[in-house]
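S.K.: output the structure for:
(2 chains)
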Amino acid sequence: MSPFAWRPRPMSEKNLVELVIGVTLLLFLAVFPVFGVGYWVSFVLTQTFLIGIAAASLVFLTAYGGMVSLAQTALYGISAFALGNMVTKGAVKGLHLGLDPWLAVVLAIAITTAIGLVFGAVASRSAGIYFLMITLTYAVIAFTFFGQVTQVSGFSGIAGIADRTPALVGDPVTQPNRLYYIALVTALVVYFAIRHVVRTPFGISLQGVRDDPVRMGSLGYNVALHRTLAFTFAAFIASLAGVLYGWWNGVIAPDNVGLGATVDLLIVAVIGGLGRVEGAWLGAFAFVVINNYVRDVSVPVLGGSFNTVIGLIFLAIVIVSPSGLMGLWDRLWDAAGYREGSGPRAAAAAGTAGPQA
Amino acid sequence: MGRLRGRRWRILLPFAAMAIVAAAIAASSLAAHSASVIRLAIMSDCKGAFGGAYELDIGGAEAALAQYAHGKPVSSKKPSAGMTGITIGGHPVKIVGYGCGNDTVPVAISETKRLMEQLKADIMIGPLSGDEAVTIAHYAQKHPTKTFIIGTAGSQDPTLQIAPKNMFRYHGDGAQWNAGTGILAYKKLGWRKAAIIMDDYSFGWTSAAGLIADFCGAGGKIVKRVFPPLNTTDYAPYVQQLPAPSKVDGYFWVVGGTGTGPSLKAYESAYGKVDPKKFVGNLFFFFQSGFADVAPRLIGAYYGGFGNAPGLKTAGAKQYEATMKKWFGPAGFNVTDSFVYNYFNAAHALVIGLTKSGGALGASLNASLPRSIKAGYQVSNGGQVKLDSNRQAIADQYPQQIVKGPDGKPAAKIVGYVPGVDQSFGGFFKKTSPPPGRSQPPCVKHKFPWAGHIKAVQNGVITKKTIG
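M.R.: Presented below is the predicted three-dimensional model:
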């Protein structure tokens, strides 16, 4: 019998609580549009889902591949730019090829994934600060390329993407619920896809590469290939976010892939927690809500508004809980367990502490 | 499922509290708004190259609301602190929020959504810059029940190529602001061959389009176009692409914001001291960010205006400046600033429109917004800025020159009066023609309506002497 054959794992108390919270949240999100809170549906939550997807691609690379990538924003932007160039028509900037919306989606995803493959292949032999610098270079290249090559964008960006969506998506302005559910389902698919991939032989060997690439190499695993494929998979995930962003925002511009946006995505992932995939959406939610509701807030003494607040939160998280909000949850749980004499040690003794995959 | 052991359930409390807060915020979005309250948003840039104009812009709009709609500023020093008591035709008007852009498309659209969807504004006065206006024009197309009056933005596309029916602009675009300046370079400075360096985005292209069309229309030739990207810090590679001073009669310099100074320094590194007679620019030659390091280099240089005419000695100009000083003068605002002027006219038009529509919004308001409005620096057409069929201003323009003021510091001097410039330059720019870009418009000879009608302005008085 294969050592990787599926078998039911014992569910810890914590897993059970998380499952209940997750299912409850999902049910809540499924019926949320019925309450008709338009702005929260069309802006806050839809944006949370799609930014969360982009952040999940970063969390996947970081948590399971040991690669902190600054290229994920660029990749999701490439997808949106590709979609915009191929799907738009008429008096907008870019190539405005006017292709069928579904064909444009497929091509946008394929192009982004292919670029991710190339990016990953180039960066795969680097690690640590060098990997970070190479992926930062990708981000700068994307920003500069789309800013300066006016045939495909220019700094004004490409507008009108939401005017030509597939019939399933409809008009995101007048029919926001459709895009909301599409983004929600896509987020779920991405979440389960990542959870599945990290449990496959590839995913487990990728975690081995993360933990000790030299040993994995000496055991005969192709470290660079694993990293390249992981990067490609993450690019595929980011491309989904890019397509959703194009539909949702209707416009994509070089500043969407600029250094500010690149750092923003990293902040989202850090706030949520780089160790667990769920953190991507938790971080995205916190980021979007703070972005919207502290715009007019001025921090005493420091002044400023959104950037100051998000900066302070980022600082607090890094100091208090380097593993983000999800890490905070884990620590709170463990702390509560110690008080009751049923923490990880007790759980481990009982054989119920499982891997956090 | 077993129950949670001991007191572990308590750790769920913070999460429950967060959920309740989120639900409360969401529910607040549902709160009914009084149907009779008109909800207004004002958007400008509080960050980026034009962030310094944030309070000026809001102050311009609020001065009009104070003067014509009973509004009372909460603070005369900080307009963004808010305004109370605004009523138009018996309908209360509430400023629901101030948008804070940074001259980029993503923030512009995000802020617009926040103002129009989260805060449920019916009307927006704004934005401030070119790319932002392009983006918001596309947004306006998708939201026909909302009304958008551009605050100050110089890109051509929003009201010529895109032109949503619910978007209005009571000031010129970047090309209009430069009307007449190219002719001055040809006739007054004797240029025949010139090169142009322009910011590589919609405002830079539109601003350059006005100079190119004007100069080439008079018979000049543009021998080289160079376009540095926005936010360039090292302009040396772009200056190197320009022909040497000995190869051209002069340069049109359309590098704006914080880039004007560094680009001129890069020129000086390559070719020596700037000769003001070989430089003609756009509004950024005498602009907030360049008072210290740009204008002193360019004493004597001509540049395109900004639709405003500081020091113009007409009754309309004096009345406008007195109104502005009354509300925000004590705070030290430069009331002749064009940002202030344009936002003032936008808000003034809104008051007229809402009065005429009886407070009705949407299509009624769009139909009621004035197609001509009395404006301080407008002289032709009886002092009325008229809108064309795309709801874009046909307005007078004023080429200017940097001179040494009485205090020895650089000062702006109006040198010309170009009456009634329309966005299409008399049909030269068309809805169907490509918008201004790196290679648009082409350099062709063309007689524009104002050619031969540009009057000299001396000491703020428009004379009968024709200068171009």
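
S.K.: what residue ranges in chain A score low on pLDDT?
M.R.: Within chain A, the segments meeting pLDDT under 70 span A:1-9, A:36, A:91-92, A:296-299, A:301-305, A:338-357.

S.K.: quick check, central residue of it?
M.R.: Against the mean C-alpha coordinate of chain A, by CA atoms, centre = their mean, the closest residue is A:Ala55 at 2.0 Å.

S.K.: and for chain B?
M.R.: Short answer for chain B (CA atoms, centre = their mean): B:Thr152, at 2.6 Å.

S.K.: residues touching it, list them.
M.R.: B:57, B:128-129, B:171, B:338-339, B:342-343 (CB atoms under 8 Å, 6 or more residues apart in numbering or on different chains). Every C-beta, even on glycine, is put in place using the N, C-alpha and C of the backbone.

S.K.: give me the neighbour count for the closest residue to A:Arg125 other than its chain neighbours.
M.R.: Computed as CB to CB, 6 or more residues apart in numbering or on different chains, the closest residue to A:Arg125 that is not its neighbour in sequence is A:Ala224, at 5.4 Å. The number of residues packed around A:Ala224, counting by other CB atoms under 10 Å in any protein chain shown, is 17.

S.K.: would you say A:Ala224 is within a strand?
M.R.: No: remark: A:Ala224 does not belong to a strand; assigned using DSSP: H, G, I helix; E, B strand; the rest coil, it is helix.

S.K.: how close does the residue nearest to the centre of chain B get to chain A?
M.R.: Distance from B:Thr152 to chain A, counting by CB to the nearest CB, to the nearest Å: 17 Å.

S.K.: can you check B:Ala395 too?
M.R.: B:Ala395 is 24 Å from chain A, by CB to the nearest CB.

S.K.: can you tell me the element B:Thr432 falls in?
M.R.: Per DSSP states H and E: B:Thr432 is located in neither a helix nor a strand.

S.K.: no no, B:Gly151
M.R.: Per DSSP H and E, B:Gly151 falls between elements, in no helix or strand.

S.K.: distance check, the closest residue to it other than its chain neighbours against A:Gly66.
M.R.: Once flanking residues are discounted, B:Gly151 sits nearest to B:Gly126: 4.3 Å by CB to CB, 6+ apart. B:Gly126 is 46 Å from A:Gly66, where distance means CB to CB, to the nearest Å.

S.K.: do B:Phe279 as well
M.R.: Distance of B:Phe279 to A:Gly66, given as CB to CB: 55 Å.

S.K.: among these two, which residue is more densely surrounded?
M.R.: Neighbours were counted for B:Phe279 and for A:Gly66 using other CB under 10 Å; B:Phe279 has more, 23 against 19.

S.K.: partners of the more buried one in the sheet?
M.R.: Assessed by DSSP bridges, B:Phe279 has beta-bridge partners B:Tyr251.

S.K.: extract the C-alpha trace of stretch B:170-187 and format it as PDB.
M.R.: Only the C-alpha atoms of stretch B:170-187 are listed here, as PDB (Å, rounded to 0.1, in the frame of the first residue of the first chain):
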ATOM      1  CA  TYR B 170     -16.200  73.600 -16.600                       C
ATOM      2  CA  HIS B 171     -12.600  74.300 -17.400                       C
ATOM      3  CA  GLY B 172     -10.200  73.500 -20.300                       C
ATOM      4  CA  ASP B 173      -8.200  70.400 -20.800                       C
ATOM      5  CA  GLY B 174      -4.400  70.400 -21.000                       C
ATOM      6  CA  ALA B 175      -4.400  71.100 -24.700                       C
ATOM      7  CA  GLN B 176      -6.700  74.000 -24.300                       C
ATOM      8  CA  TRP B 177      -4.600  75.500 -21.600                       C
ATOM      9  CA  ASN B 178      -1.700  75.700 -24.100                       C
ATOM     10  CA  ALA B 179      -3.600  77.200 -26.900                       C
ATOM     11  CA  GLY B 180      -1.700  80.100 -28.300                       C
ATOM     12  CA  THR B 181       1.500  79.200 -26.600                       C
ATOM     13  CA  GLY B 182       2.900  77.300 -29.700                       C
ATOM     14  CA  ILE B 183       2.000  80.300 -31.900                       C
ATOM     15  CA  LEU B 184       3.900  82.600 -29.600                       C
ATOM     16  CA  ALA B 185       7.000  80.300 -29.900                       C
ATOM     17  CA  TYR B 186       6.700  80.600 -33.600                       C
ATOM     18  CA  LYS B 187       5.900  84.300 -34.000                       C
END
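
S.K.: for that stretch, buried residues please.
M.R.: Residues of stretch B:170-187 classed as buried under the neighbour-count rule (16 or more other CB atoms under 10 Å in any protein chain shown) are B:170-187.

S.K.: now the element after the helix or strand hosting B:Ala137, going C-ward?
M.R.: Using DSSP H and E, B:Ala137 sits within helix B:130-142. Per DSSP H and E, helix B:130-142 leads on to strand B:147-149 as the next helix or strand towards the C-terminus.

S.K.: do me a favour and average the pLDDT over that next one.
M.R.: For strand B:147-149, mean pLDDT is 98.

S.K.: the longest strand anywhere in chain B and chain A, are they touching?
M.R.: Across chain B, the longest stretch assigned as strand under DSSP state E is strand B:91-101. Yes: applying CB under 8 Å from any CB of the partner chain, one finds that strand B:91-101 is in contact with chain A at B:97-98, B:100.
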